[in-house]
Structures are given as structure tokens and as C-alpha cells.
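Asker: One predicted model, sequence on top.
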Amino acid sequence: MTRKKFKSPRSRREVTSERAFYEKLFTEDYPRLEQLDLLNLIRGGEDSYLELKVRLTNNEKIVLEIVALANSGGGAIIFGVNDNRYVEGLDDPEEVEEELRTICRTQITPQVWPYIDKIAFDNGRRIIVLELNDKRAPHYAFDHRYYLREGATIREARAEEVTQLFARFKPTSYESIPLFNAQIDHIDEAFLWSYVRELQGELFNKSGNYPTAQVMRDMQLAIEHADKIIPTVAGMLLFGYSNQLTQVFPRSGVQLQRFSGDSSSDPVIEKVIFSGNLASLYERSQSFISRYVDLWDSINLRKHKNSDPIEGRANYNKNVVLEALTNALIHRDYCIREQFIKVNIYNNRIEITNPCITNGLIRKGLEIYGTANISNFRLKSVFKSSAYGMKTFSGGLPAIRLLAYRSSGREPKINIIQEEFRIELFGC
């Protein structure tokens, strides 16, 4: 249920149901609670969105209740009301407010930003209403566990539910979702430390103690859950052992085919499916492509047009091909299941298809102006770093378009449909 803030008291109307109350919740930047609304809510008792507390006495339990509400769509905790729904009031609401702000700031990750309202009744009793939304979810508590609310009770989220929380609240950051069937032992430590040493250069502390799990967590390539460190999608794709990735994240594969002519209806000469970390996929895919085309560093490919006597073996600018392949590997939507990145090689072109939920991407904005929401920014920042060890080319689609035209005299062809981003590179 969508949670909203209260409307202004000037727009008073009787709240006749729980649904009507929640429709009034969270609609103004600076809400002031109407006492009648509040009393009606208290009379209804605790539910999935409301917790009643007579005092702030058990901080650890309060932390879990705040986390559970924030992870379950938001809600409110009212302090100063007993189990019989009677308003007893608080002796020092200002002190309670300060303690609640400290809890939300220091004992919950990421921090919770609540709205705290102090309500005074005609009889002098005062209570506090702590309102929560889900804008920064998912949250975890001091014990590095995630909690959910079901009715008036809270419970620890199961592993698959934590994954669902990340997918629900961070849909554009699927790379940050933890892979609960993976573990730190699945990380290639030699590869990881090679990257760290190269990145830090002479600043690298050779005598320092750098546990792999801690480094992965600090790089935001793993999360801490209970007493374990769990690699994320990005962590495994960048530094996971290739044979382990096949088991824990099989959707990361690349399918490459060489057709015997200019159409997908022509016979297939060779077809392979590679799986593994991004470095492995990049190098093995590049090797396959190089078997069937010539990749040149030269700008003017037309002078090489007749350099190879083998019919159907075309010339391409190497940087154009590598950037198109890089774009597919680091910007694909890894939330899309059962689809590979596809590379099809024909006599006259290379076609690279990337599974992609386009979310309104405009082709002209991408290829001409390079305007797009960057997905998988952690994958991009590490993979494109020279410390990662892959020879890449920068500039994105505008650079691909310009360099391809300068090299072969033809612009790439780009198509964007619902779950597919396709780029065709033409050889000469």
C-alpha cells in the first residue's frame, strides 16, 4: 500500500477507514497531524503499518521495528500509547525524539530519515509519532540482518527475500544485489589483489592486512549479512572464478556464431557459448571474433580491403569492435534471465545484441549525444580502469559511430526494442 503524509488540518475531513487514513499519510512536506485522525488510528490498533509503544525502553527492539517498517513499505511508530490503546503520554518527548534520531542515524544502514511529530493533547499529555518511508530501503540493523513486518510482528528476511528487496528498491542497480548462493571463497583473490596493487601503485601497503572479504565490502562489491560477507552480482562478475560463475550466475554468458553468408538463415560455421567473469568473456570473445575478421588499428580500413584473399573476411577498426563488446558486457541488464549477449558474425557485418530493458531510451540521444542513464556503474568503473588489465577504448556510442564512419565509410546501425539493444558494425 502506498504510504502518504497527512494533508493540512485546514482540509479536515473525517477519516472513516484505515485506507482513508493511509491515503492522507505522507502527502505534505511539513505535515501536522490532526488529533481526530490520530485517535482513530490508535483505536484501530497495531497492523502492518502501525506500532504502538508506551515508552522508549528497548533500543535494540526499536531498531528492528524501524528497519522492518522501512523495508515493508513504510509506516509509523507512536510512543506514549499503551497496549490497551490508551494515551498515557511521555514524560520527556524531546529526549525521546533525540534518542530516536540518534538510533536512525547510527544503528541502521543506510540511515533512516524519519519525520518525527510531537503531539500535545488538551489534557497536557504528549506523544511522539515517528513516520517512516521506504525511499532509502533496503535497510539492515546493527546485527547486519534485514527485517520485514508481517501484520503486527517482525521477522528476519530470508535470503531470497533480501534479494527481492534489492531488486524492488534498487531496480537500476541490479549489480548491487547480493548472490546468496555465492561466497567469498568464490572470489579469485589473485585477480582482486592484482587490481588493487595496480590501482594503488607505490601507495599500496605491502605489509598491511587486507582481508579479501573486507576489501570486497569496502569496494561495495559485497554486503555483510549476519556473520557472512556475500558477494554481489558485480563482485562475482568482476572477480569471481569463472567456473563458479557458471554455477551461481549462469545468465552472464556470451553466445558467438559465425554464419557462412550475410544472413542468419545461412549455415552456421561455428557456434560457442562462453561463461565466466567479465575479463574471461572479453578476452575469449575477442579471440573468437579475431578468427573470422581482421581487426586493424589503422583509421582508414579501405586501403586494407583487398589485403586478404579469403572471401568473406572483412576488415574492422579494432577499437570500434572492442568498445561495442565492452558496452554489451558492462551495460547489459543482468536481471533479464535466460538470455545471452549474442555476437553474430556475417560476411559483411558484426551484430552484437545486448539484453536490455530500455526504460524509454531514445536511439538518437544515445548514438549522437551519448545521453543515457548509466547502468552498472561499478562494473564500468572497474572494468574500464587500466588496473583491471583489459585494453579498452573510451567514448561510448558517439565515439563508435564517428570512428566507424572514419574507418569504413559506414555508420553503425543501432536498434532499440523492449528487451534488446543491437548494434551492427559494417566491415569493408
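Answerer: Thanks, I have the structure now.

Asker: hey, let's count contacts and neighbours off CA atoms from now on
Answerer: Will do.

Asker: Dead centre of this protein: give me the residue that sits there.
Answerer: Nearest residue to the geometric centre of the chain (C-alpha atoms, centre = their mean): residue 173, 1.4 Å.

Asker: which residues sit in contact with that one?
Answerer: Residue 173 makes contacts with 167, 375-376, as judged by C-alpha atoms under 8 Å, 6 or more residues apart in numbering.

Asker: Mind doing that once more with 7 Å?
Answerer: Residues counted as contacts of residue 173 (C-alpha atoms under 7 Å, 6 or more residues apart in numbering) are 375-376.

Asker: Can you tell me how far it is from residue 196?
Answerer: Distance of residue 173 to residue 196, given as C-alpha to C-alpha, to the nearest Å: 23 Å.

Asker: where does residue 40 fall, helix, sheet strand or coil?
Answerer: Following DSSP: H, G, I helix; E, B strand; the rest coil, the label given to residue 40 is helix.

Asker: any idea how far it is from residue 85?
Answerer: With C-alpha to C-alpha as the criterion, residue 40 and residue 85 are 10 Å apart.

Asker: who's in contact with residue 296?
Answerer: Going by C-alpha under 7 Å, 6+ apart, the list of residues near residue 296 reads 316-318.

Asker: buried subset of the residues you listed?
Answerer: Buried subset of these (neighbour count, 16 or more other C-alpha atoms under 10 Å): 316-318.

Asker: Throw the residues you listed into JSON lines and include pLDDT, secondary structure and distance to residue 57, thanks.
Answerer: Listed next are the buried ones among the contacts of residue 296 as JSON lines, based on pLDDT from 0 to 100; DSSP: H, G, I helix; E, B strand; the rest coil; distance: C-alpha to C-alpha, whole Å:
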{"residue": "316", "pLDDT": "94", "secondary structure": "strand", "distance to residue 57": "70"}
{"residue": "317", "pLDDT": "93", "secondary structure": "strand", "distance to residue 57": "68"}
{"residue": "318", "pLDDT": "94", "secondary structure": "helix", "distance to residue 57": "66"}
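
Asker: closest to residue 245 among these?
Answerer: residue 318 (28.1 Å; C-alpha to C-alpha).

Asker: Please report how far the closest one lies from residue 100.
Answerer: 58 Å.

Asker: Can you get me a residue count around residue 402?
Answerer: Residue 402 has 18 neighbouring residues, counting by other C-alpha atoms under 10 Å.

Asker: Excluding sequence neighbours, find me the nearest residue to it.
Answerer: Distances taken as C-alpha to C-alpha, 6 or more residues apart in numbering place residue 411 nearest to residue 402, at 7.5 Å, with adjacent residues excluded.

Asker: Might you report the residue contacts of the one you found?
Answerer: With C-alpha under 7 Å, 6+ apart, residue 411 has these contacts: 401, 404-405.

Asker: Present those as TSV; the columns should include pLDDT, secondary structure and distance to residue 262.
Answerer: Listed next are these as TSV, based on pLDDT from 0 to 100; three-state DSSP; distance: C-alpha to C-alpha, whole Å:
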residue	pLDDT	secondary structure	distance to residue 262
401	90	helix	22
404	92	helix	19
405	90	helix	20
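
Asker: which of these has the most neighbours?
Answerer: residue 404 (26 neighbours).

Asker: so who does that residue touch?
Answerer: Going by C-alpha under 7 Å, 6+ apart, residue 404 touches 317, 320, 410-412.

Asker: So the chain: which segments form each domain?
Answerer: Split into domains by automatic domain parsing, the chain comes to 9-157, 174-241, 250-426.

Asker: In the protein, where is pLDDT below threshold?
Answerer: Low-confidence segments of the chain (pLDDT under 70): 1-35, 170-172, 206-210, 301-311, 357-374, 418.

Asker: Give me the neighbour count for residue 181.
Answerer: 12.

Asker: Spatially nearest residue to it (excluding sequence neighbours)?
Answerer: residue 248 (6.0 Å).

Asker: What's the separation between that neighbour and residue 201?
Answerer: The spacing between residue 248 and residue 201, counted by C-alpha to C-alpha, is 33 Å.

Asker: buried sites along stretch 117-133?
Answerer: If you call a residue buried by 16+ other C-alpha under 10 Å, then stretch 117-133 has these buried ones: 117-119, 126-133.

Asker: between those, which is nearest residue 177?
Answerer: Distance to residue 177 across the buried residues of stretch 117-133 (C-alpha to C-alpha) is lowest for residue 133, with 21.0 Å.

Asker: check contacts around that closest one.
Answerer: 70, 73-75.

Asker: The closest residue to residue 110 other than its chain neighbours: neighbouring residues, count only.
Answerer: Closest residue to residue 110 in three dimensions, ignoring its sequence neighbours and counting by C-alpha to C-alpha, 6+ apart: residue 139, at 5.7 Å. Residues lying near residue 139 (other C-alpha under 10 Å) number 26.

Asker: Contact partners for residue 139?
Answerer: 67, 71, 108-110, 146.

Asker: Apply 10 Å and report the result again.
Answerer: If a contact means C-alpha atoms under 10 Å, 6 or more residues apart in numbering, then residue 139 has 64, 66-71, 108-112, 145-148, 162, 165-166 as its contacts.

Asker: All good on my end, thank you.
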